[in-house]
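> Everything below, folded, please.
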Amino acid sequence: MYQEHFKLREAPFSLTPDPDYYYNYTGHQQALNVLLVTLQSGEGLIKITGEIGTGKTLLCRKLLAALANDFQTAYLPNPLLTPLELYQALTEELAGKSFYFTIGIITLLEIVLVVYLLQSVFL
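Numbering: from 1, shown residues only. Next up, the predicted model:
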């Protein structure tokens, strides 16, 4: 409807934010800088929290774009994962594979994650 009426090239609204239309708001830039410095100093894991509509997803997308190929990253947008689901999501993101076994899954996923992380550090 909007696209046709205003003769737009792209749909003006979507469910996920598009980093191409990022407005460099001071607060967001400061948060992005803190995240970049934190990761570059070797802190490792970061959890981003905030109210709905404050720009968390957009900030994560900008962070991933800024990191490019310098880091191994995993983007897990669902905060309500069980420990098992967290391991599964991490292995899918980092190793690109799904591991679904009924016996010893936590141990297996831990091994897969450790091997993957060691390879990325030492190779």
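> So, low pLDDT: which residues of this structure?
44, 96-123 (pLDDT under 70).
> give me that answer again for 80
Within the chain, the stretches with pLDDT under 80 are 1-2, 11-22, 42-48, 68-75, 77-79, 83-84, 87-88, 91-123.
> center of it - which residue?
Central residue of the chain (Cα atoms, centre = their mean): residue 75, 2.2 Å from the mean position.
> any idea how far that residue lies from residue 52?
18 Å (Cβ to Cβ, to the nearest Å). No exception for glycine: its C-beta is placed from N, CA and C like everyone else's.
> what does residue 4 give?
As judged by Cβ to Cβ, residue 4 and residue 52 stand 30 Å apart.
> who touches residue 38 in this structure?
Going by Cβ atoms under 8 Å, 6 or more residues apart in numbering, residue 38 touches residue 46.
> does it count as helix, strand or coil?
Secondary structure for residue 38, judged by DSSP: H, G, I helix; E, B strand; the rest coil, is helix.
> State the distance from it to residue 93.
Taking Cβ to Cβ, one finds residue 38 at 19 Å from residue 93.
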